[in-house]
Structures are given as structure tokens and as C-alpha cells.
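Novice: just coords:
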């Protein structure tokens, strides 16, 4: 589904955040294996303000509740969802704030650990992380691998260098170099577009895949790629943070929900997470967190478990 241009403009305006975060947004850690970097709530949100729900807390598996915390796997290169703050070690973002609030609702602390994006779901299913929270678009394939709890909605957006020197749009990308983060739904998008190009007798899209979104964005800023695409919130934030070096190309399209990942067989835990998200939606904490990061336009009203296949 294509979103209206008005929503795109509102998102850009809402994300006019301080340019002091540009280095953090565009220079994430190279530690793809996931160190012990942990994050706390942003300056605008205090998880201590969340009241625990004893009924939901009782649904958390004992091996997690006994630790007193939920360990989240995340790829901290995806501002404003999850990224390293200026200190280079603290992970911040609206996913982090929301994850901390979910943990607090379940009577627990939250801890975020950096990891490569394509390792997180596997890591959750193998017990390396209790939960995966890293702007995962919910797909039917991912729902087959795990339980996914919806908590946000975002589309895809493209960005180009200011002035669009390559004169590229999503529908005129044949023969161009386009940057994208590995293992994202945008890779599938580009692959399909490139096939359409070759089927029409045109040059394929040269797809540059990067481990971190910040690297993909940086490829356009440095001139290594003609365009980059990612989730709409991420591209809008990058445009706001790069001091006029990037601009949007085309409208937002393919709106879809983000999902929090828990192991496939952990239904009780999934229901606890879903209940916590819904409680935060209902009491207004959820909207406060999103608005604090300028991404409130992607708010949902109902959280579901595996919404595509349930």
C-alpha cells in the first residue's frame, strides 16, 4: 500500500532532530558479532514511570524472570530505532525506550546487546537473546521462524544525494547502483525491481549490500551509490541528520508492521510481550515514547501475535 505524500512530509517535519546526533546515526559500531554494549532509556523517557502488571509478569518464563531482566538482540545501526549514542557504547532509540518500557511492565529490567541484523532471529531461537527487537518488518517467512508481536508500522522510502544527480526514482533505478542493508525486506524489493529491469531488456540494478544501515546510507553520501532505501522512519531520520546531503526520492510505499521476535514455541512469553505492548498503548506510554522520537505517525492501536498468519 502506498502512503500519501502528506504523511511523508509530516514524517520529515517531525524528524527535524538535533544535528548533534549525525555522527552516531552514520557511524555505528563495527562489532557485528554483538558485544556487551547495553543501552538505557533516552533522556526523554524513564522506565521507572511504568507500573508493573503482575498478571503479565507471571507469564514470563522462569529462566528469564529469575535473571531479573530481558536481554534484547538488536542491530544498533538503524537510527532512530536503535543506534549508538555519542558516547559510542550506549544504545538508544525508540525501540530501546519501548523495549525498556515492556520489560518494566513485566517487572523486569531491559538490556540491549548489539548484533548483526541477520543473526538476531537465529540468536533468539538458539537462546542467545530472550527477545529480538530491531525494526523487523513482519513477513510470513519470519512468522514461520518465530513468534512476532506487532508494535509499529513503517513503509519503505528511498534517498539520493541532494539534487538527485543520478536522476533516479524507485521506478527508474535500472542500471543504477543502489545501497541497502543485508537481510532486510528492501533487498527482496530491489531484487524484484532488478528482475523487472532485465525482463524489459534494460540493465539490472547493481545492488550494494551492507552489514549496517549506516554504511548503506554513507555510500550515497560518499558517492559510492546512487540511492539507498530502507524503512521510512530510518531514511527520514537520515535526511534530517545529514545537513542537506540527502533528499527523498519518491513516496513511502509498502507499509507493514514491525514485530518483536520471541522463540517460535514460546507462546506464553509472546502473550506476555503482546499484553505489555497493548497495556503501554492503552495507558499512553507508547505514544509518548514514539512522539519523543518524532515517529508517532507510525503508531498502531492494537498489538497482535503473528498478525499475518494467525
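Specialist: It's in. These figures come from a predicted structure and were not determined experimentally.
Novice: list the buried ones in stretch 147-164?
Specialist: Neighbour-count burial for stretch 147-164 flags 147-161 (criterion: 16 or more other C-beta atoms under 10 Å). C-beta: built from backbone N, CA, C; applies to glycine.
Novice: got it, and stretch 263-276?
Specialist: 263, 264, 266, 269, 270, 271, 272, 273, 274, 275, 276.
Novice: In this protein, mark out all the helices, start to finish.
Specialist: Taking DSSP state H, the helices of the chain run over residues 5-14, 22-26, 54-57, 62-65, 94-105, 120-125, 140-145, 185-199, 213-221, 232-241, 267-283, 285-292.
Novice: Take these and write them to a markdown table, including mean pLDDT.
Specialist: Below are the helices of the chain laid out as a markdown table (pLDDT from 0 to 100):
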| stretch | mean pLDDT |
| --- | --- |
| helix 5-14 | 29 |
| helix 22-26 | 31 |
| helix 54-57 | 98 |
| helix 62-65 | 97 |
| helix 94-105 | 98 |
| helix 120-125 | 98 |
| helix 140-145 | 96 |
| helix 185-199 | 98 |
| helix 213-221 | 97 |
| helix 232-241 | 93 |
| helix 267-283 | 98 |
| helix 285-292 | 95 |
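Novice: got those as a markdown table, with distance to residue 87 columns?
Specialist: Putting those into a markdown table (distance: least, C-beta to C-beta, whole Å) gives the following:
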| stretch | distance to residue 87 |
| --- | --- |
| helix 5-14 | 25 |
| helix 22-26 | 9 |
| helix 54-57 | 32 |
| helix 62-65 | 28 |
| helix 94-105 | 14 |
| helix 120-125 | 23 |
| helix 140-145 | 32 |
| helix 185-199 | 29 |
| helix 213-221 | 16 |
| helix 232-241 | 17 |
| helix 267-283 | 27 |
| helix 285-292 | 19 |
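Novice: picking that back up, from the buried residues of stretch 263-276, which is closest to residue 197?
Specialist: Using C-beta to C-beta, residue 264 comes nearest to residue 197 of the buried residues of stretch 263-276, at 36.6 Å.
Novice: Now do the phi/psi pair for that closest one.
Specialist: phi -60, psi -40 (degrees, to the nearest 10).
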